[in-house]
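Q: Sequence plus the predicted model coming up.
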Amino acid sequence: MKNKILIVEDESSIRGFLKINFQRNDFIVIEASTGEEGIQKAHLEKPDIAILDVMLPGIDGFQVCENLRKSFSNIGIIMLTAKTQDMDKIMGLEFGADDYVSKPFNPLELILRVKALLRRIDNKKSEEDSNIIEYLPFKIDTYEQKVYKNDEELDLTPKEYMIMKIFLENPGKAFSRNELLNLVWGYNYVGDTKIVDVNIRRLRTKIEECSSSPKYIETVWGTGYRWKKI
């Protein structure tokens, strides 16, 4: 799958030069000559990388960078700066840019920097994906310890979170009350296994469309509970 790159540059000669070189390297190129147009096309096309000239008519490259960083956390951003303007480089990084290239530049260097940035983004995405447990319509972010249903965060207690994590990691497996008690409350817990039933009942009210007729958490009579494997 080809990567998309957005080039926001008001000088048509530079923009055209970059377009040719990136197309030769198998990129889909999106062009914009102003900051406003760049933001509009970014929201429409959702590029993987944005190359932003600092000096643009209308809003400048820093403002475009700030907008894109807030809107797209994983987009790679490279600023094109004047060779002698060190402050531009510092400001670009403060506004969320990943890298900068000074004009005039070697197109091969820019392409190599873009490819290196794409590798870093891919590695970051892989790390983020490893923290996700998904069983639609539910998703668990184990790093943040949050549970989502249809991309909306559920207000769960720590124990309810742990129960959901156990279930989604083991769909279809029947857990006895004692197993859930040991896994969630610990082997040293002194108390009645009915606390498991209480928490399951509360959890059902938060995740089920109808808690009295559960679709996801099934009761296994004589044993305990399981997550219904769809």
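A: That came through, no problem.

Q: For residue 107, give me the pLDDT.
A: As predicted, residue 107 sits at a pLDDT of 90.

Q: which stretch of helix or strand covers residue 140?
A: strand 138-141 (DSSP states H and E).

Q: Can you point out the buried residues in the next helix or strand after that strand?
A: Scanning forward in sequence from strand 138-141 by DSSP H and E, the next helix or strand is strand 146-149. Within strand 146-149, the residues that count as buried by 16 or more other C-beta atoms under 10 Å are residue 147. C-beta coordinates here come from the backbone N, C-alpha and C atoms, glycine included.

Q: Next, count neighbours for residue 5.
A: Applying other C-beta atoms under 10 Å, we find 26 residues neighbouring residue 5.

Q: So it lies in a helix, does it not?
A: No. Residue state for residue 5 (DSSP: H, G, I helix; E, B strand; the rest coil) corresponds to strand; a helix is not indicated.

Q: Contacts for the strand holding residue 140 next, please.
A: 131-134, 146-149, 151, 161, 164-165, 168, 207, 216 (C-beta atoms under 8 Å, 6 or more residues apart in numbering).

Q: partners of it, with directions?
A: strand 132-135 (antiparallel), strand 146-149 (antiparallel) (DSSP bridges).

Q: in stretch 172-181, what's buried?
A: 175, 177, 179, 180, 181.

Q: same deal with stretch 111-130?
A: Applying 16+ other C-beta under 10 Å to stretch 111-130 flags 111, 113, 114, 117, 118, 121 as buried.

Q: Return the item of those having minimum pLDDT.
A: Lowest pLDDT among the buried residues of stretch 111-130: residue 121, 87.

Q: can I assume that one is in contact with residue 73?
A: No. Using C-beta atoms under 8 Å, residue 121 makes no contact with residue 73, being 10.3 Å away.

Q: Pull the most distant pair out of the buried residues of stretch 111-130.
A: 111 and 121 (15.6 Å; C-beta to C-beta).

Q: For the chain, which segments count as helices?
A: 12-24, 35-45, 61-71, 86-94, 107-129, 158-169, 177-180, 194-207 (DSSP state H).

Q: ok, and which of those has the densest surroundings?
A: helix 61-71 (a mean of 20; mean count of other C-beta atoms under 10 Å).
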